[in-house]
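K.L.:
let's see this in three dimensions:
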Amino acid sequence: MAHLNVDISKLTGEESANGRTTIFAPDTSLETRATPTESRPLFRAPEKQLTLFALHLAILEKSATRIGTLGFIWATVVLLGGLATTLERTDFWFVIVILAIEGTRIFGRSHELEWQHQATWSLTDVGVNSFRAMKSSTGTVFRKVKTLFRKPGPGSGSQEISLAKKVSEKKSFEEQKATTRTWTSSEVPVLPVLQWIFVSKNISTFLYWLQLVSAATCVVLSMLKLVNQNFGEIEKGNTDKRNRNHALIIFYSLALADAVLFLIEKAYCEWELRVEKLLEKVNNECELEDSGLISTTRFFYDSYSKCLNISIFDGLKMDMVSFAIELMESDSLDEQLIGVRILKKFSENPKFSKDTLQKIGIKLPVIARLLEMLIWKHEEEQEIRNSAAEILVNLAERKQNIIRIAEIPGALDCISSLLLASQATKGTSNEILEKGIVFYNGIFRHLGLEILRKLARDHDICGKIGNTRGLLTKVIDFLHTEEQLLWQPNVAPLQIATVEGSLQLLQRLANTSSTTGKQLRKDISEIVFTVTHIRDILKYGEMHPDLQLLGIRILSSLATDEEATERIAATGGVLKVLFCIFFNDNIPRNLSNVREAAGEALATLSLQSMNTCHRILKLQHNKELVKALNGPLLHVNAARILRNLCCYSGNDRFQQLKGLTDAVPTILKAIMIEDSKVQEVMIGAAASIFKLMESQESTRLFWEANITKFDLVQELRSILIKNRYPSIQVPGIRRYTVELAVWLMKDDPENARCFRGMGMSGELESILDTTSELESFHIFSGTIGLYRHNIEMQPLIETAMELLLQKDI
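P.N.:
Just a heads-up that it's a prediction; the model follows:
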């Protein structure tokens, strides 16, 4: 767990339920926000410094190798082949020794990179700090030998056991090696004896120093001969020996040039890596932290190998992202871990995330590999699994990527595996390991929920999520909370974040439009624990208003289904706790959206549902509803609830509705003063509540409001003039205005004459010509209308026209 730093705020998502549009108006916005197109500042890839450095080293190395090859050919063909009999004994042996040394160096160089590749898995400084590596390994041997001859003191056995226990407890998941059927290359004992010497990392160190000693020896021998030039005496007329001297000078010069170039290369390498600390510098610029130094070192050696073994320019084509993808697709657990670590860091870094995610997103095999990693359950694979999940979270930020993820067969099954709890391997006795697995389970749940939430931005994927076996049930299980959990101030953030992530996902699924959304809402509401879990969150979640808000939004969305409405209203305590939140004046003003959401949920639940209206009336909240009409935060939804109670409670509930008539003065004043949404709902409430009273009572209430019916007639006509066409913001204002006008004309013939004198017939004809389906529904799911009005607009307007004509006769 030492390498796992989790930001819970990221896992819970960037969206809030606050920005959700009301279901009482159509939502014409896109399902997903447009991807921002602002240009980001260009950052030079830090690894370019390493590839350029590898190119420079490769040029020096290849130059030295070519000169060495030429010297080798010159010695074997010219000196030992044609002039061997003319060489002095010392020159002969010098040539042999130099050839042997050069051959040793070339052999060591050709294999050094291979051994260094293997060594980088367990040693970050291999090759660069080989002396320190050799020194530390030698010190380990001396310490082991010393312990063999040390006399055991009292209690030493228990101390060793205690120390061993502490060391084992400090091991992280990445340090625990599982039993496999293949060797880890960096720990391979090449020979069965002296294993501490003949492991690959020590062989790499040996070859490194062998080359340096060989080159230095070659310089000394060549300089010694070139300075002295004691190649033997040349007899007069002996042209072979004269050519011998020139041939030896050329050979020693080539050998000297080869060795000097090699030493210059090594000096340049040591300067850049030790003094300038190029690897550490690039690692810091890549922001890979200390553990990323292994990755940076391996990248450098891979680039250097390509420059040497293929073309010197091939290493320049490497980049850290492609390198990480190659490692991630490897069969080696160590390589996979390094690969996903790099991709995770780069996908989270604002400097590199755009290019990184673009490269991953266009490669379906890479996405498939990441999804495959999600189902890995072994203890030592947990960090790989975690990193793969976080990469997918970042990848799912873009619309095109979520479509590619969902296209891969079995993708949702892999993602849903994150929601399942992993178990410790049978026989595991390490308590720290078991706690680590529990901790990872919490993280995996959040990551899985976050991926699913982002995938749910696509309408078709929402349907796939709903059809994935057992997935909805598992998500709803995470909503289960106890009173103690929600009340505790020091509760674990992971537990609360799990509940929040589940609510966010369910909200997205419940908000889906069309037949897919209808089926999803049906499936969610049919799970018997859905409503009860949400009720508990609303009841005990005062300290977590965000959770309450999400739960209320889900209930509002589910209530757009008639069967779900009945299930919600019939669940004990749901309506009661919603009213408690709606009327709770102790909720801070900055959290007023929770109260507004509760009011909207109640308005949706009571819409065209007689049973729900009866249950609300039994709660006896009429006075509170009337009072809420005066509140600037509650008046809109209070008016909607009042209208629904008056319209759908039935004629036998007249006595229970009687107390609502006290709201008439407040409603009339709002109609005359307010505009837009408030005016719309107040007109709708007035049109329904006036139907419950006699003319004398309505006249009294008009007098209490200090408003005449003529004033209302004028206001209604001006409203129709302002709203000559249907409006998305106030889709019901023209309908409610006509309904109220019909009541006024039925209530008093004088009102009909007033309407006639103002030219109301012309306004009604204009409405008849511009009616829209928008005005035929109470609520909307996206742009799809739900809960059609009992009376269509055309018959309603015809009724109003008939009343005008009747009064005209």
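K.L.:
just for the stretch 51-200 of the chain, where's the confidence low?
P.N.:
82-87, 105-200 (pLDDT under 70).
K.L.:
could you redo the last one with a cut-off of 80?
P.N.:
Within the stretch 51-200 of the chain, the segments meeting pLDDT under 80 span 76-92, 101-200.
K.L.:
helix/strand/coil for Gly785?
P.N.:
strand (DSSP: H, G, I helix; E, B strand; the rest coil).
K.L.:
give the contact list for it.
P.N.:
Pro26, Glu773, Leu774, Ser776, Phe777, Ile779 (Cβ atoms under 8 Å, 6 or more residues apart in numbering). C-beta: built from backbone N, CA, C; applies to glycine.
K.L.:
where does confidence bottom out across those residues?
P.N.:
Minimum pLDDT for those is recorded at Pro26 (80).
K.L.:
neighbours of it, how many?
P.N.:
Counted with other Cβ atoms under 10 Å, the neighbours of Pro26 add up to 21.
K.L.:
residues touching it, list them.
P.N.:
Ile728, Pro731, Leu774, Phe780, Gly782, Thr783, Gly785.
K.L.:
which SS class is it?
P.N.:
Put simply, Pro26 is coil when judged by three-state DSSP.
K.L.:
distance check, it against Arg724.
P.N.:
Here the criterion is Cβ to Cβ, to the nearest Å. By it, Pro26 lies 19 Å from Arg724.
K.L.:
can you tell me how far the closest residue to Thr661 other than its chain neighbours is from Glu674?
P.N.:
Spatial nearest neighbour of Thr661, excluding adjacent residues (Cβ to Cβ, 6 or more residues apart in numbering): Met693 at 5.8 Å. Distance of Met693 to Glu674, given as Cβ to Cβ: 22 Å.
K.L.:
surely the residue nearest to Thr661 and Asp662 touch.
P.N.:
No - counting by Cβ atoms under 8 Å, Met693 sits too far from Asp662 to count as a contact (11.2 Å).
K.L.:
ok so, going back, can you name the two of the contacts of Gly785 that sit furthest apart?
P.N.:
The most widely separated members of those are Glu773 and Ile779, with 13.5 Å between them, by Cβ to Cβ.
K.L.:
who has more neighbours, those two?
P.N.:
Neighbour count, other Cβ under 10 Å: between Glu773 and Ile779, Ile779 has more, with 22 against 12.
K.L.:
so where does the more buried one fall, helix or strand?
P.N.:
Assigned by DSSP states H and E, Ile779 belongs to strand 777-781.
K.L.:
same question, Leu449
P.N.:
Counting by DSSP H and E, the element that carries Leu449 is helix 431-455.
K.L.:
if I look at the residue nearest to the spatial centre of the chain, how far off is Ala639?
P.N.:
Centroid check for the chain by Cα atoms, centre = their mean gives Val393 as the closest residue, at 2.4 Å. Shown here: Val393 relative to Ala639, a distance of 42 Å by Cβ to Cβ.
K.L.:
so what's the residue nearest to the centre of the chain closest to, chain neighbours aside?
P.N.:
Glu450 (5.1 Å).
K.L.:
which sections of the stretch 701-809 of the chain are below the confidence cut-off?
P.N.:
In the stretch 701-809 of the chain (pLDDT under 80), the answer is 782, 806-809.
K.L.:
buried ones in the helix or strand harbouring Cys580, by neighbour count?
P.N.:
Using DSSP H and E, Cys580 sits within helix 574-582. Using 16 or more other Cβ atoms under 10 Å as the test for burial, helix 574-582 gives Val574, Leu575, Val577, Leu578, Phe579, Ile581, Phe582.
K.L.:
again, but for stretch 374-391
P.N.:
So, applying 16+ other Cβ under 10 Å, buried residues of stretch 374-391: 374-376, 379-391.
K.L.:
could you list which of those belong to helices?
P.N.:
Among those, the ones falling in helices (DSSP state H) are Gln382, Glu383, Ile384, Arg385, Asn386, Ser387, Ala388, Ala389, Glu390, Ile391.
K.L.:
need those residues in JSON lines with distance to Val78 and pLDDT, can you?
P.N.:
Shown next, in JSON lines, are those (distance: Cβ to Cβ, whole Å; pLDDT from 0 to 100):
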{"residue": "Gln382", "distance to Val78": "64", "pLDDT": "89"}
{"residue": "Glu383", "distance to Val78": "60", "pLDDT": "90"}
{"residue": "Ile384", "distance to Val78": "58", "pLDDT": "92"}
{"residue": "Arg385", "distance to Val78": "63", "pLDDT": "92"}
{"residue": "Asn386", "distance to Val78": "64", "pLDDT": "92"}
{"residue": "Ser387", "distance to Val78": "59", "pLDDT": "93"}
{"residue": "Ala388", "distance to Val78": "60", "pLDDT": "94"}
{"residue": "Ala389", "distance to Val78": "65", "pLDDT": "94"}
{"residue": "Glu390", "distance to Val78": "63", "pLDDT": "94"}
{"residue": "Ile391", "distance to Val78": "60", "pLDDT": "95"}
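K.L.:
thanks a lot, catch you later.
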